[in-house]
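# Here is a sequence with its predicted model. Questions after.
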Amino acid sequence: MKAYELRELIGPEGLTLNSQRPEPQPSAGEVLIRVRAASLNYRDISVSFGRYPGTIKTSVIPLSDGAGEIVRVGPGVPETRLGERVVTAFYPYWIAGAISETVTDPALGGSLDGVLAELITLPASAAIPIPEHLSFEEAATLPSAALTAWQAIVEVGKVRAGDVVLTLGTGGVSLFALQLAKLHNATVIVTSGSQAKLERVRALGADHVLNYRTTPEWDTEVLQLTQGRGVDVIVEVGGPGTLERSLRCVRKGGTIVFIGRLAGTCLIDPLPIMRRAVRVIGINVGSHEMFAAMNRALAASRLRPVIDRSFDFSEARAAYDYFQSGVAFGKVVITV
Ligand SMILES: NC(=O)c1ccc[n+]([C@@H]2O[C@H](COP(=O)([O-])OP(=O)(O)OC[C@H]3O[C@@H](n4cnc5c(N)ncnc54)[C@H](OP(=O)(O)O)[C@@H]3O)[C@@H](O)[C@H]2O)c1
């Protein structure tokens, strides 16, 4: 079968197509999936450059997020699953319950082989049924970006109608956070460095938009928009470069869900965490149980992911380059 391998951690240039990789065989409790689509996340760029803080398997098959159909089942897996349309779980062993290193150390496209291949094996429980209204391309955008946003907005943020949510930037996680917050009838404020992208988030339901380049003191604007109260939940993907401002515009007793570090390096004054009784909580993607809950919400609401562009399997490097350029609005997909 064909699969891409990251032979060198030098960026997308390190992607090598292996056309003669042996087909994987499903062991007991596993399924064999014919991959139809995969999608890119910020993490995949970090992995390709060897900058990802977790373990990276030697010559790893990259990408964590894929969708396809079950074409064979291993011993112990019901044959009724044959032909099922499924999407991959980022953490194949985090089925439900509390997070631990045991369940998050093994992760697709990092410490384990990922999905940029024609065929992959997964534990049967990590092959999550796709909501009926979604295509393989759309489903392939869910495992990391959507589930992280779901955990932030629903599981941790417990967003309710009338809450005010702030999402930073218009990357994969943030766009899903906007869509899911609107699904829960929140008021959503979105920042972006691009005026064109701000126009597009308005069409997705953003109530207020702020350009963090032309309005570098966006925290002051957020306080004004909320009549000095601050926002209930912040989807914090910027990290060192944005956290200090997030701490200034979250409401007293509000929640900052710490997800990523897209921007900057700086020392942060932690005092506002205590003075404003802020709950700062780090999250890691999500469990299969959370994934199933999110899929029920997607099915009920018919919510669809935003896809910017699809690339063919043969154009994987071009897909990486395009994603890295930062021009995309929505997910970048590779069809297999
Ligand atoms: N903890 C977890 O489980 C988890 C899961 C998924 C992702 N992450 C992390 O979350 C972050 C986002 O991932 P992603 O895949 O959504 O990234 P992405 O799709 O590559 O998003 C990049 C976007 O970030 C925005 N951005 C860059 N600098 C910014 C700044 N100073 N302020 C506000 N926005 C800024 C830009 O938006 P504009 O173009 O609109 O300016 C850019 O388009 C990454 O750090 C990733 O590693 C963590």
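Looks like it arrived, so ask away. Quick caveat: nothing in here was measured; it's all calculated off a predicted structure.
# For this protein, which residue occupies the most central location?
The chain has A145 as the residue nearest its centroid, 1.5 Å off, counting by CA atoms, centre = their mean.
# And for the residue nearest to it when sequence neighbours are not counted, the neighbour number?
In this structure, A145 finds its nearest non-sequential neighbour in G172, 3.4 Å apart by CB to CB, 6 or more residues apart in numbering. To be clear about C-beta, it is placed using only N, CA and C from the backbone, and glycine gets the same treatment. For G172, the neighbour count with other CB atoms under 10 Å is 29.
# isn't G172 right next to T141, touching?
Yes - counting by CB atoms under 8 Å, T141 is a contact partner of G172 at 7.2 Å.
# got the contact list for F49?
Counting by CB atoms under 8 Å, 6 or more residues apart in numbering, F49 touches 9-11.
# follow-up on the earlier one: shared neighbours, G172 and T141?
Common neighbours of G172 and T141 (CB under 8 Å, 6+ apart) are 39, 331.
# In contact with whichever residue of the stretch 101-250 of the chain sits closest to the ligand, which residues are there?
The ligand sits closest to G171 of the stretch 101-250 of the chain, with a gap of 1.8 Å, by CB to the nearest ligand atom. G171 makes contact with 42, 145, 237, 262, according to CB under 8 Å, 6+ apart.
# Would you mind writing the CA trace of the helix or strand harbouring D219 as CSV?
Following DSSP states H and E, one finds D219 within helix 218-225. What follows is helix 218-225, C-alpha atoms only, in CSV (Å, rounded to 0.1, in the frame of the first residue of the first chain):
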residue,chain,number,x,y,z
TRP,A,218,-8.0,43.9,22.0
ASP,A,219,-8.6,43.0,25.7
THR,A,220,-9.7,46.6,26.3
GLU,A,221,-12.1,46.4,23.4
VAL,A,222,-13.5,43.1,24.8
LEU,A,223,-14.1,44.7,28.1
GLN,A,224,-15.9,47.6,26.4
LEU,A,225,-18.1,45.1,24.4
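# Can you show me the helices along the stretch 151-300 of the chain?
Secondary structure of the stretch 151-300 of the chain (DSSP state H, counting those that start in this stretch): helices at 172-183, 195-203, 218-225, 243-249, 271-275, 288-301.
# Now do the fourth one: everything it contacts.
Think helix 243-249. Contacts of helix 243-249 (CB under 8 Å, 6+ apart): 166, 168, 217-220, 222-223, 226, 230-231, 234, 236, 238, 256, 258, 266, 268-269, 272-273, 276, 278.
# From the residues you listed, list the buried ones, please.
166, 168, 218-219, 222-223, 226, 230-231, 234, 236, 238, 256, 258, 272-273, 278 (16 or more other CB atoms under 10 Å).
# which of those are close to the ligand?
168, 238 (CB under 6 Å from any ligand atom).
# Quick check: the closest residue to the ligand within the stretch 201-336 of the chain vs G171, distance?
Distance from the ligand to each residue of the stretch 201-336 of the chain (CB to the nearest ligand atom) is smallest for G260, at 2.3 Å. G260 sits 8 Å away from G171, taking CB to CB, to the nearest Å as the criterion.
# Common neighbours of these two, please.
42, 237.
# ok now the helix or strand where V35 lies, how far from the chain's centre?
Assigned by DSSP H and E, V35 falls within strand 30-39. Offset of strand 30-39 from its chain centre (CA atoms, centre = their mean, to the nearest Å): 18 Å.
# how about it against the ligand, any contact?
No - if you take CB under 6 Å from any ligand atom as the test, strand 30-39 misses the ligand, and the best it gets is 9.6 Å.
# what's the angle from that strand to helix 172-183?
Orientation of strand 30-39 against helix 172-183 (axes from the mean of the first three to the mean of the last three CA atoms, to 10 degrees) gives an angle of 90 degrees.
# Mind listing residues that contact the helix or strand following strand 30-39?
Next helix or strand after strand 30-39 toward the C-terminus (DSSP H and E): helix 42-48. Helix 42-48 has contacts (CB under 8 Å, 6+ apart) with 6, 9-12, 14-15, 52, 56, 60, 62-64, 109-110, 144, 171-172, 260, 262, 320, 323-324.
# The helix holding D219 packs against which elements?
strand 187-192, strand 208-211, helix 243-249 (3 or more CB pairs under 8 Å, 6 or more residues apart in numbering; DSSP states H and E).
# May I see these arranged in a markdown table, with mean pLDDT and mean neighbour count as well?
Listed next are the helices and strands packed on helix 218-225 as a markdown table, based on pLDDT from 0 to 100; neighbours: other CB atoms under 10 Å:
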| stretch | mean pLDDT | mean neighbour count |
| --- | --- | --- |
| strand 187-192 | 98 | 25 |
| strand 208-211 | 98 | 18 |
| helix 243-249 | 96 | 22 |
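# what's the closest of these to A124?
Nearest of the helices and strands packed on helix 218-225 to A124, taken as CB to CB: strand 187-192 at 36.7 Å.
# which residues sit against the closest one?
Against strand 187-192 from outside (CB under 8 Å, 6+ apart): 162-170, 174, 178, 181-182, 198, 201, 205-212, 218, 222, 225, 231.
# swap the cut-off to 7 Å and go again
164-170, 178, 181-182, 198, 201, 205-212, 218, 222, 225, 231 (CB atoms under 7 Å, 6 or more residues apart in numbering).
# Many thanks, I have nothing further to ask.
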